[in-house]
Each structure stands twice: as structure tokens, then as C-alpha cells.
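> sequence first, predicted model second:
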Amino acid sequence: MLTLVSFDLCPYVQRAAIALAEKGVPFERRTVDLADKPGWFRAISPLGKVPLLQVGDAVLFESAVIVEYLDDTETPRLHPADPLTRARHRAWMEFGSSILADIWTIETTSDRAAFDAKAILLREKFGRLEVELGEGPYFAGSEFCLVDAVFAPAFRYFDVFDRYADLGAFAGLPKVQAWRRALAARPSVRAAVVPDYEARLTAFLRRRDSCFAQLIDEFIDRFPDVQVSVISSITAM
């Protein structure tokens, strides 16, 4: 059986988990604490990052490599058959990775100018996607593909972000909004994270000395009753 070495908040792990679920491949998850990396993990992870996919005695690293390997070896294929279309899909997967880098800044920066600049950039990038999307419900139409597996974890962040701040990332973008909803309802996407993912992400955000942590604290000060259940979950962690 394959083993997916994971961290509970990593969006790149989610990509691999989604691809595995879509293909119906049984696998085990082995979670590591990236703040206290065990020796066995450091020994097999050249970059000290997750995900890793253990395939027998071999170890694959980097999420793009992992999902490509899975698509080469397991059915159904999630990449299009046409080489040009497949190449374009791979380019949009890289575009999705750039969005995750922007989201990381949103999560962690204490520089308000940098925060605002990334919020604007995210709107612009989702605007580019609005032009690219067709009738949906997924990136390439009716069939789920690896581009969807890349963007689902990015959209998931906004389930928490939207609770505390209006970044305007999807304003005036009906196709992107519909795509986000379709991915959120997908069983493989829902199962890619632990049940208390949102509480864990909120706890992570609040631990940072960041602009977003300040937004969360301001929201809780204004609406303390709304946050009772979330805060209780966080305190227990």
C-alpha cells in the first residue's frame, strides 16, 4: 500500500490526497510535525518538506511529481489525452502554485502594504481564471482533472479567510465562484483534510504576528458569541 507522508495544513499534501481518492487508490497517511521533524523524515525528504509518497522502497517528493506519477500509473487519467491541452493544464497547475505562494503572504505577513498588494494580486489572478473557465462545473468542463486537484486546496483557504475579512478575491467572478463551490462539494476534496481543519487553520493564523491574525482578533472582539465554538476548538488543541 502507498503511504502519503503529510502535514495537516499543507495544501500540497491535499493535491496528492485528492488525486489518490479520485483514482480510488488505497493509501495510508503518516503525519509529521514540521516544527519538530523526526529523524526518519529528514532522512527520506531531500527538501525537508511534505508531501512524500512512499512507493515500496522508493520515495517521491514534490506534489507535482507525485500527482504526475499517479496519473501515469493509475486510472482514471486526470490529465487530458491531447499533448497540447495537457501542457496547458500543467501550466495552469503552476499558476495555481503561484496563488498558494500569494496566500502564504496573506497568512503570514505583518506588512500591511504587502498584505494589501497580495490581496489585489489574488483578485487579478482569479480574474484571469474567470476568462479561462468554460461552462464548468470544473476547470475543463464536466470532467475532474489535475488542475482541479491543484486549485481545490487554494479555494479551501477562503472558507476561513471569508469568515474574518472580505478580501474581495472572487467579487464579480461568477464562474470562479461556481468552480469553487463545485470543488468544495467533491468527496475527494472534502476527505483530503482532517475534520477539524478549519479550527486548525484558524489556530495557525492566530499564532502568527501578522495582519490576518489582527483581523481575526478584531472580528472576535466585535462578535464574540459567533466565535465561541471555534475558539473552544482552538483552545483544546
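Nice, thanks for sending it over.
> where along the protein do the helices fall?
Applying DSSP state H to the chain gives helices spanning 11-23, 39-44, 63-73, 83-108, 112-132, 146-164, 174-184, 187-190, 197-207, 211-222, 228-235.
> mean neighbour count added to those helices, as a markdown table?
Using the backbone N, CA and C atoms, a C-beta is placed for each residue, glycine as well. A markdown table is the format used below for the helices of the chain (neighbours: other C-beta atoms under 10 Å):
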| stretch | mean neighbour count |
| --- | --- |
| helix 11-23 | 24 |
| helix 39-44 | 12 |
| helix 63-73 | 18 |
| helix 83-108 | 16 |
| helix 112-132 | 16 |
| helix 146-164 | 22 |
| helix 174-184 | 18 |
| helix 187-190 | 18 |
| helix 197-207 | 18 |
| helix 211-222 | 16 |
| helix 228-235 | 13 |
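> shaky segments in the protein?
Within the chain, the ranges that satisfy pLDDT under 70 run 225-237.
> nearest residue to the middle of it?
Closest residue to the average C-alpha location of the chain: P153 at 2.2 Å, with C-alpha atoms, centre = their mean.
> adding distance to R29, write the helices of the chain out as a markdown table.
Output for the helices of the chain, formatted as a markdown table (distance: least, C-beta to C-beta, whole Å):
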| stretch | distance to R29 |
| --- | --- |
| helix 11-23 | 8 |
| helix 39-44 | 14 |
| helix 63-73 | 13 |
| helix 83-108 | 20 |
| helix 112-132 | 29 |
| helix 146-164 | 15 |
| helix 174-184 | 21 |
| helix 187-190 | 14 |
| helix 197-207 | 13 |
| helix 211-222 | 28 |
| helix 228-235 | 21 |
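> out of those helices, the one nearest L4 is which?
Closest approach to L4 among the helices of the chain (C-beta to C-beta): helix 11-23, 5.7 Å.
> so what touches stretch 69-76?
With C-beta atoms under 8 Å, 6 or more residues apart in numbering as the test, stretch 69-76 has contacts from 16, 19-20, 22-23, 25, 53, 55, 60, 77-79, 146.
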